[in-house]
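In: Coordinates for the following, if possible.
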Amino acid sequence: MTRIDFYILPEGSTENSVLTACKLCEKATGAGMTVYVNAPGASLADELDSALWSFQQGGFISHERYLGRALEEPLPAVLIGDGEPPETHHGALINLGLEVPGYFSRFDRVLELVSGNPEARAKSRERYKFYRDRGYELKTHNL
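Out: Next up, the predicted model:
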């Protein structure tokens, strides 16, 4: 069964969800997992794409935008998209969206990021209840 982890950013923190997503991508790929980042909206996907290039000093996290069509081999460990992920990436799902992605149960792990703004926190409580009511194992990490 999919394990769900909520990463809660402190209110008023200068660290945003994109930087946290980069750190989680680094950790997951370092553990040998493939990662799909649900980044709804072109501006959020662009911000994450840019951050993954410059996140590591002297390097970058191998990634590519996924637009729903076939990609050339070899595939990078991290794909960024806002639709159905490819079958190749089912290790970790990082959700930057406000809703539960319909395909979440394909993944071994779901990493839900909760930013400090009130709307995002309210939506994260809804997602938490959704997962809890269906019997998923939940863990919360206050950052």
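In: And for Arg127, nearest residue in space, chain neighbours not counted?
Out: Closest residue to Arg127 apart from its sequence neighbours, by CB to CB, 6 or more residues apart in numbering: Val100 at 5.2 Å. Yep, even glycine has a C-beta here, placed from its N, CA and C like the rest.
In: what lines up beside the strand or helix carrying Tyr36 in the sheet?
Out: Following DSSP states H and E, one finds Tyr36 within strand 35-38. Based on DSSP bridges, the strands next to strand 35-38 in the sheet, each with its direction, are strand 78-81 (parallel), strand 92-95 (parallel).
In: so of those, which one's packed in deepest?
Out: Neighbour counts averaged per stretch over those are highest for strand 92-95, at a mean of 26; criterion: mean count of other CB atoms under 10 Å.
In: The next helix or strand after that one: how far from the chain's middle?
Out: Using DSSP H and E, the helix or strand that directly follows strand 92-95 along the chain is strand 109-114. Taking CA atoms, centre = their mean, to the nearest Å, the mean C-alpha location of strand 109-114 is offset from the chain mean by 6 Å.
In: CA-only coordinates of strand 109-114 in CSV, if you can.
Out: The C-alpha coordinates for strand 109-114 follow below in CSV (Å, rounded to 0.1, in the frame of the first residue of the first chain):
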residue,chain,number,x,y,z
ARG,A,109,5.3,6.8,-1.8
VAL,A,110,3.4,10.1,-2.0
LEU,A,111,5.1,13.2,-0.7
GLU,A,112,2.5,16.0,-0.1
LEU,A,113,4.0,19.5,0.4
VAL,A,114,2.1,21.9,2.5
